[in-house]
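> Here you go, sequence then predicted model.
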Amino acid sequence: MDYDTINSAGLNQQIPEYNTGILPASRIYMHIPSEHAKKLLYYAPHIGHFYVNSAYKIDRGAYDYFLFILIESGEMEFTVGDKHFVAKQHDIVLLDTHKAHYYHALGRASFRYFHFDGDHSSEFYDLLTRKHGNYFTPENSLPIETALFKLITYASDPFTNEFLISAEIHSILCELLTQHLSANDLQNDSINMALNYMEKHFTEQFSVDDLAKSVGLSTYHFSRLFKKFTGSSPHSYIVNLRIAQARDLLSRTSASVESISDSCGFNSPQYFIRCFKQHTNMSPQQYRKQSLRSIILHD
């Protein structure tokens, strides 16, 4: 079996035969993220700098992360779903590897890459690829290349600093956004990204400050934009999502008020009851009785 040796945080590892085409100067750094990083940060389990020849190819049905690739030299061909494209020097490719994907080198090439996840990775990916597809040609690749160099430097340290790695990943994604979206696009998409996150995570605890920070805006500016685009404050929007979920649970299940309060993301049953009365003019118990009567009458 043919093997190429690579470096992983100071440890020699071997790439099996299906990864032939990776040349000896290549480096990969592997890191198992902490539970803390998975919950709060961007994290990169694999960060690498590869030199390859035409034998190099990757054909996966699915993987666990998002993938960022910066082509340094040569050309590589990618297939994502029914789309095919060739990325050249200084091009950037962004893939959701949870879906089937294929890529290979067209002759000699070199590239830097990292697999990543965590924090708002899915929202960033959707925001970037929705209008521009999976590959980008930055007007100025230097800030991204500099951040990528730092990322690889941090990854090569045996004592990996997950905060520094998270900061560089965020810097790279923000720079890519800045170069490919207009100011108006950024505002619209920032709010859409926040809305998407709120609708997926409204049962969890997060603040308006957290939302603003996640889309790169001050709390004041974010709140103004949010009100402009939705007609509602961020706090009111979150509460409305939670109340809608509570109504559904009250009418469909026999779960206790305390259990519903917790599962819908309210801080306490008392706060839940107060909010529910403000939105429906009745208590959760009264709403449940009315729902049951409606069902009986309907039947």
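Perfect, I can see it now.

> From F124, how far off is L106?
28 Å (CB to CB, to the nearest Å). Bear in mind the C-beta positions are built from the backbone N, C-alpha and C, glycine included.

> who has more neighbours, those two?
Shown here are L106 and F124; by other CB atoms under 10 Å, F124 has more neighbours (24 against 13).

> Just confirm the more buried one contacts L173, I think it does.
Yes - counting by CB atoms under 8 Å, F124 touches L173, with 4.9 Å between them.

> What segments of the stretch 51-200 of the chain are strands?
57-60, 66-73, 76-80, 83-87, 92-96, 101-105, 109-118, 135-136 (DSSP state E, counting those that start in this stretch).

> Out of the ones you listed, which is closest to N240?
strand 109-118 (27.8 Å; CB to CB).

> In the stretch 101-250 of the chain, where is pLDDT below threshold?
181-187 (pLDDT under 70).

> do that again at 80, thanks
Along the stretch 101-250 of the chain, the parts satisfying pLDDT under 80 run over 119, 130-132, 180-189, 216.

> For R252, which residues are in contact?
R252 makes no contacts at all, as judged by CB atoms under 8 Å, 6 or more residues apart in numbering.

> residue nearest the centroid of this protein?
The residue lying closest to the centre of the chain (CA atoms, centre = their mean) is S121, at 1.1 Å.

> All the helices of the stretch 51-200 of the chain, residue numbers only.
121-132, 142-156, 162-180, 183-201 (DSSP state H, counting those that start in this stretch).

> and the last one, C-alpha only, in CSV?
By that I understand helix 183-201. Written as CSV, here are the backbone C-alpha positions of helix 183-201 (Å, rounded to 0.1, in the frame of the first residue of the first chain):
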residue,chain,number,x,y,z
ALA,A,183,-23.5,47.2,2.2
ASN,A,184,-27.3,46.7,1.6
ASP,A,185,-26.8,43.0,1.0
LEU,A,186,-24.9,42.7,4.3
GLN,A,187,-27.6,44.5,6.2
ASN,A,188,-30.4,42.3,4.6
ASP,A,189,-28.5,39.1,5.0
SER,A,190,-27.3,39.9,8.5
ILE,A,191,-31.0,40.2,9.6
ASN,A,192,-31.9,37.0,7.6
MET,A,193,-29.1,35.2,9.3
ALA,A,194,-30.3,36.4,12.7
LEU,A,195,-33.9,35.4,11.9
ASN,A,196,-32.8,32.0,10.7
TYR,A,197,-30.8,31.4,13.9
MET,A,198,-33.7,32.7,16.1
GLU,A,199,-36.2,30.3,14.4
LYS,A,200,-33.9,27.3,14.9
HIS,A,201,-32.7,28.1,18.4
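
> what does it rub up against?
Contacts of helix 183-201 (CB under 8 Å, 6+ apart): 120, 123-124, 126-127, 130-131, 177-178, 181, 211, 214-217, 222, 225-226, 229-230, 234, 237-238, 241.
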